[in-house]
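**Q** Provide a 3D model corresponding to the input given below.
(chains A, B, C and D)
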Number of protein chains: 2
Amino acid sequence: MIENNPKKIHIPEHCPVRNVFDRFGDKWSVLILMALDTAPSMRFNELHKGIELISQKMLTVTLKTLEADGLVKRTMYPQIPPRVEYELTERAKTLLPHIHNLIDWSKEHMADIEESRKVYQEQLA
Amino acid sequence: MIENNPKKIHIPEHCPVRNVFDRFGDKWSVLILMALDTAPSMRFNELHKGIELISQKMLTVTLKTLEADGLVKRTMYPQIPPRVEYELTERAKTLLPHIHNLIDWSKEHMADIEESRKVYQEQLA
DNA sequence: CCTTTGACTTACCAAAAGTAAGTAAATATA
DNA sequence: TATATTTACTTACTTTTGGTAAGTCAAAGG
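**A** Sure, this is the predicted structure:
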């Protein structure tokens, strides 16, 4: 009777859920998608200035993974200095409503959450 | 004319969006909430076994932040060996539908996304 | 006694992310 | 002619975060 399962919940390593949240479960992906949602297209430096505190490095690597996932389209104009435009794909546009729902939830509950955090901190002291 | 804003998108460091996604934008929070959603309450080791590959350390620290945010309720029964039960709060229950929407989106699109990733990889080679 | 049990800590190490400087190539300025 | 500027990145290096494995606590069971 090795492994006599008590409650059989199991969130395995490889599943669509993990696959998605490993993408959204990083600091910057969602923020970039949101920024791109505010204009038809944006250039690298616009994103860099628009998303406070993101580093150039993290902006490039995150844009690359978003591009790989088909959520962002990258268009390079061969000029000098170079011009590169980023825009949301149709796929990304089907995702954004869900993200906005999370944002709305967060706006609605953030005051309460911060209050909870304060109370929790005070309990520790 | 320093700072003659071209497109005024701006995602500042301190805003409800960041505040929420810094929470969800970590590897484990959402997974723990999902696991807790499958039963009325769960013990530490049930979660540890149920969520594949999470370390004890990350489980404890993530549970603590979820507790601090009022998303998880922790109940300790003073026995030896100890028994600790975790359950979702009402606040968390209002959040879970949105998370499930994201999961549904991810199930719907994951095949296409993996295909995109494959194509993207092949382009590089 | 010594082992087991459950929910953790702690110390140490690896991986991820942040920082700052560098690159390319043409145009603008001195 | 020499230097500075511009944009979209790389690269090398440092810091922070996360993972691993062992240890702790106190009682019950063999």
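**Q** Only C-alpha atoms from now on, for both contacts and neighbour counts.
**A** Will do.
**Q** all strands of chain A, in order?
**A** Taking DSSP state E, the strands of chain A run over residues A:42-43, A:72-77, A:83-88.
**Q** buried residues in the last one?
**A** In this case it means strand A:83-88. Neighbour-count burial for strand A:83-88 flags A:Glu85, A:Tyr86, A:Glu87, A:Leu88 (criterion: 16 or more other Cα atoms under 10 Å in any protein chain shown).
**Q** Not counting residues beside it along the chain, what's closest to the third one?
**A** Once its chain neighbours are removed from consideration, A:Glu87 has its nearest residue in A:Ser41; the separation is 4.6 Å (Cα to Cα, 6 or more residues apart in numbering or on different chains).
**Q** Contacts only, for that neighbour.
**A** Residues in contact with A:Ser41 (Cα atoms under 8 Å, 6 or more residues apart in numbering or on different chains) are A:Glu85, A:Tyr86, A:Glu87, A:Leu88.
**Q** tell me which of those residues is nearest to B:Asp26?
**A** Within the contacts of A:Ser41, the smallest distance to B:Asp26 is 23.2 Å, found for A:Leu88 (Cα to Cα).
**Q** For that closest one, which non-adjacent residue is spatially closest?
**A** Closest residue in space to A:Leu88, ignoring its immediate chain neighbours: A:Val72 at 4.7 Å, by Cα to Cα, 6+ apart.
**Q** Check A:Val84 too.
**A** Of all residues not flanking A:Val84 in the chain, A:Met76 sits nearest, at 4.4 Å (Cα to Cα, 6+ apart).
**Q** pLDDT score for the residue minimising distance to the centre of chain A?
**A** Most central in chain A under Cα atoms, centre = their mean is A:Val30, positioned 2.0 Å from the mean C-alpha point. A:Val30 is assigned a pLDDT of 89 by the prediction.
**Q** can you check A:Lys27 too?
**A** At A:Lys27, pLDDT is 83.
**Q** can I assume it is in contact with B:Asn19?
**A** No: at 11.0 Å, A:Lys27 does not count as touching B:Asn19 under the criterion of Cα atoms under 8 Å.
**Q** For A:Ile54, list the residues it contacts.
**A** Here A:Ile54 is in contact with A:Trp28, A:His48 (Cα under 8 Å, 6+ apart).
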